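J.: Quick one, fold the following:
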Amino acid sequence: MSDYIVRATAAGAQIRAFACTARGVAEEARRAHNTSPVVTAALGRLLCAGAMMGSMLKGEEDLLTLQVKGDGPVQGLMVTADAKGNVKGYANVPDVVLPANAAGKLDVGRAVGSGTLRVIRDMGLKEPYVGQTLLQTGEIAEDLTYYFATSEQVPSSVGLGVLMARDNTVKQAGGFILQLMPFAEEAVIGRLERNLSGITSVTSMLDAGNTPEQMLGQLLEGLDCEILESMPTAFCCNCDRKRIEKVLISLGKKEIRDMIEGGEEIEVNCQFCNKNYRFSVENLTEIYKKSR
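T.: Predicted coordinates:
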């Protein structure tokens, strides 16, 4: 199944809903960063959330950043997404290994720990919109549910999941976001709560072969779910040599001169996709000429 996001409404637009399947996104991140299973699960969940929240952006050039900072061994996670389904991200410490939690699952909450969740929306204005809340569990989905309710005053339910295969590759990944509009009726809220109580997990739905449309069909059963659109999503980094050159130029002449005087080739790493760019002394000399 290809990775994609669906957007829907239900109960006469009293509910807006998003769902995605993103095994390829999570697996590409795992390969790029060589993440351990628990970090793959944590980063994969945040990537799924980023992809769906990115699809909520209005402008084609708008950007979303999700930043998790915790006192757990993974230290932090960063994901950015655009309105076109492109998403990328990394973990500060990719190789964390922890025993399973009491339920026998990957212990994402312990890996992340206590800390903060920041949501940054850059919509081309002078200043980006920044919302921040305290992490509630470190499990990502519950933290985003809390964020939507407290920072954006939108009652929401967020479900995210990453299922690992025996060879530690990603078997399934995806999620959903359900949001109540201010005019939602009590009967609609009650039905949605009953539907949610009957759902075991995102990964169990995906592993049973359910598509995002079918997941929303279960979540919004009896609420007249209407699928509005679908869009592909992919792990996609827009770094290239020219962008890295601009970063080096921004360091200023002194920094670049120090590199040149070192007489050694330098290597610059893109944190998001883990690609390395090499610059010889001759390359640095050309960049020095362009700098101020």
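J.: Quick check: residue 228 touching residue 10?
T.: No: look at residue 228 against residue 10 with C-beta atoms under 8 Å: they stay out of range, at 10.7 Å. Glycine gets a C-beta too; all of them are placed from N, C-alpha and C.
J.: who has more neighbours, those two?
T.: It is residue 10, of residue 228 and residue 10, that has more neighbours when counted by other C-beta atoms under 10 Å, with 22 against 10.
J.: can you pull out the helices in the stretch 51-200 of the chain?
T.: 108-112, 141-151, 186-197 (DSSP state H, counting those that start in this stretch).
J.: could those helices be laid out in TSV, adding distance to residue 158 and mean pLDDT?
T.: Formatted as TSV, these follow (distance: least, C-beta to C-beta, whole Å; pLDDT from 0 to 100):
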stretch	distance to residue 158	mean pLDDT
helix 108-112	14	97
helix 141-151	4	97
helix 186-197	11	96
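J.: pLDDT weak spots in the stretch 51-200 of the chain?
T.: Nowhere does the stretch 51-200 of the chain drop to pLDDT under 70.
J.: Please repeat the previous calculation with a cut-off of 80.
T.: Along the stretch 51-200 of the chain, segments meeting pLDDT under 80 span 124.
J.: where do the strands sit along it?
T.: Using DSSP state E, counting those that start in this stretch, the strands assigned to the stretch 51-200 of the chain run over residues 63-70, 76-82, 86-91, 115-122, 129-134, 156-164, 170-180.
J.: Could you provide the helices of the stretch 51-200 of the chain in CSV, with additional columns for mean neighbour count and distance to residue 62?
T.: Output for the helices of the stretch 51-200 of the chain, formatted as CSV (neighbours: other C-beta atoms under 10 Å; distance: least, C-beta to C-beta, whole Å):
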stretch, mean neighbour count, distance to residue 62
helix 108-112, 25, 27
helix 141-151, 20, 18
helix 186-197, 14, 28
